[in-house]
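Undergrad: Here is the input, now give the coordinates:
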Amino acid sequence: MPATLRRAPSRGVEWEFEKLTIARDFSRNVVAKMLVDRAEHGGWELDRVRVAPDGTRRVVLRRKIIRMRPTLYAAD
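TA: Okay, the predicted model is just below:
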């Protein structure tokens with residue numbers, strides 16, 4: 001189950017992070033396809049991958065948070 005966090009590492013840019021733990025049972029190709037799918041359809045990019053001694057992968061994905069600013073609309 002992914003955990004989602006938010007933080008602002010630099011000025012003006014806010015990132016949303018998602019942590020995944022992937023079991024060692026999945027092949028490298030399956031994991032790559034899953035991450036590519038998340039990147040294409042969810043806007044995520046790879047931030048970090050760590051492989052534990054038991055073979056599980058801990059993956060951190062990130063994406064920019066885009067804030068919409070309200071615009072003033074003057075009705076005539």
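
Undergrad: Need phi/psi at residue 68.
TA: phi -90, psi 130 (degrees, to the nearest 10).

Undergrad: Distance check, it against residue 31.
TA: 33 Å (Cβ to Cβ, to the nearest Å). Bear in mind the C-beta positions are built from the backbone N, C-alpha and C, glycine included.

Undergrad: With neighbour numbers in mind, choose between those two.
TA: Legend: neighbour count by other Cβ atoms under 10 Å for residue 68 and residue 31, higher for residue 31 (16 against 5).

Undergrad: Hmm, that one is touching residue 58, no?
TA: No. Using Cβ atoms under 8 Å as the test, residue 31 is too far from residue 58 to be in contact (11.8 Å).

Undergrad: what is in contact with those two at once?
TA: residue 22 (Cβ atoms under 8 Å, 6 or more residues apart in numbering).

Undergrad: so who does residue 43 touch?
TA: With Cβ under 8 Å, 6+ apart, residue 43 has these contacts: 63, 64.

Undergrad: Following element in sequence after the helix or strand that contains residue 32, please.
TA: In the assignment (DSSP states H and E), residue 32 maps to helix 28-42. Per DSSP H and E, helix 28-42 leads on to strand 45-51 as the next helix or strand towards the C-terminus.

Undergrad: number of nearby residues for the residue lying closest to residue 35 once chain neighbours are set aside?
TA: Leaving aside its sequence neighbours, residue 35 sits nearest to residue 46 (Cβ to Cβ, 6 or more residues apart in numbering; 6.5 Å). Using other Cβ under 10 Å, residue 46 is surrounded by 13 other residues.

Undergrad: correct me, but residue 46 touches residue 57?
TA: No. If you go by Cβ under 8 Å, residue 46 and residue 57 don't touch, sitting 11.4 Å apart.
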